[in-house]
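In: Coordinates only, no sequence provided:
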């Protein structure tokens, strides 16, 4: 294989793993970082942060590969996805499965040095990531399943940091489910017409004319649950300020999606990294800055 062919192959793998589109990795990473900081009172071990950050990248990449493998016969019929490497036949299905397996093994090796309580949770996380693409065939709101898959770093982070998974971790996971329904419905609103034609089920189709109201309700439930978590843990002004900032970001998303313009809905989806970042920064300030000012 000459250099040009090798470069083209690596470029196809990069696009298949979505390394050129980091938004998905960030949406996975933010709730994991919430959990790591919350579980350690703001002082996670640097090794744990590195393990979970790299693991998030690897598992998100593996999940994207499996998703495209599962949708390889659907994606050519959708305007936004028809040029994906599997849909365009630049990568074979066998190559894709081998790539996904390799990424999953690498992610698994990362967790070997940490608490054994994490290992069974990691197996569940792999199952969730691998099975999510198929839920679009029969779940009315597959985004809820995605929220569990994208948020499973939360119980894993608590288990890795403390050796157990307390109730607040599961509450944070539920909050993440509602957040995922919100942002992935915005994403699904972009492809609604194509999804109707090919028979894919999404929250945007299920909610119908109530899609915008459903998105905003899910944002509100996310913030209410996280506020309750903060109350249980005794968090104060800085954490609440982070939630308030996230609420303002959600209101901005309403201005983007209310007319259901496809490109503005996609803009709202991508902007969700700032929603997750606002909550994280509020948590960091609460746990790391507040004690310095006391």
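Out: Okay, I see it. As the structure is a computational prediction, the values presented were derived from the model and not from experiment.
In: Quick check: residue 246 touching residue 279?
Out: Yes: counting by Cβ atoms under 8 Å, residue 246 touches residue 279, with 5.2 Å between them. Just so you know, the C-beta spots here come from the backbone N, C-alpha and C atoms, and that holds for glycine as well.
In: Give me the buried positions along the helix or strand that residue 280 is a member of.
Out: In this structure, residue 280 sits in helix 272-284 according to DSSP states H and E. By neighbour count with 16 or more other Cβ atoms under 10 Å, helix 272-284 contains the buried residues 272-284.
In: Can I get those in JSON lines including pLDDT and distance to residue 225?
Out: Conversion of those to JSON lines gives the following (pLDDT from 0 to 100; distance: Cβ to Cβ, whole Å):
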{"residue": "272", "pLDDT": "98", "distance to residue 225": "17"}
{"residue": "273", "pLDDT": "97", "distance to residue 225": "20"}
{"residue": "274", "pLDDT": "98", "distance to residue 225": "19"}
{"residue": "275", "pLDDT": "98", "distance to residue 225": "14"}
{"residue": "276", "pLDDT": "98", "distance to residue 225": "14"}
{"residue": "277", "pLDDT": "98", "distance to residue 225": "18"}
{"residue": "278", "pLDDT": "98", "distance to residue 225": "16"}
{"residue": "279", "pLDDT": "98", "distance to residue 225": "11"}
{"residue": "280", "pLDDT": "98", "distance to residue 225": "16"}
{"residue": "281", "pLDDT": "97", "distance to residue 225": "19"}
{"residue": "282", "pLDDT": "97", "distance to residue 225": "15"}
{"residue": "283", "pLDDT": "97", "distance to residue 225": "14"}
{"residue": "284", "pLDDT": "96", "distance to residue 225": "19"}
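In: re the thing from before, distance from the helix holding residue 280 to the middle of the chain?
Out: Taking the mean C-alpha point of helix 272-284 and that of its whole chain, the gap between them comes to 14 Å (Cα atoms, centre = their mean, to the nearest Å).
In: What is the subsequent helix or strand relative to it?
Out: Next helix or strand after helix 272-284 toward the C-terminus (DSSP H and E): helix 290-293.
In: count of neighbours near residue 3?
Out: Neighbour count of residue 3, defined by other Cβ atoms under 10 Å: 7.
In: Could you measure from residue 201 over to residue 120?
Out: Between residue 201 and residue 120 the distance, using Cβ to Cβ, to the nearest Å, works out to 30 Å.
In: err, residue 53, not the other one
Out: Going from residue 53 to residue 120 by Cβ to Cβ gives 22 Å.
In: thinking again about what came up before, take the buried residues of helix 272-284 and lay them out in JSON lines including distance to residue 16.
Out: As requested, the buried residues of helix 272-284 are arranged in JSON lines below (distance: Cβ to Cβ, whole Å):
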{"residue": "272", "distance to residue 16": "23"}
{"residue": "273", "distance to residue 16": "22"}
{"residue": "274", "distance to residue 16": "27"}
{"residue": "275", "distance to residue 16": "27"}
{"residue": "276", "distance to residue 16": "25"}
{"residue": "277", "distance to residue 16": "27"}
{"residue": "278", "distance to residue 16": "31"}
{"residue": "279", "distance to residue 16": "30"}
{"residue": "280", "distance to residue 16": "29"}
{"residue": "281", "distance to residue 16": "32"}
{"residue": "282", "distance to residue 16": "35"}
{"residue": "283", "distance to residue 16": "34"}
{"residue": "284", "distance to residue 16": "34"}
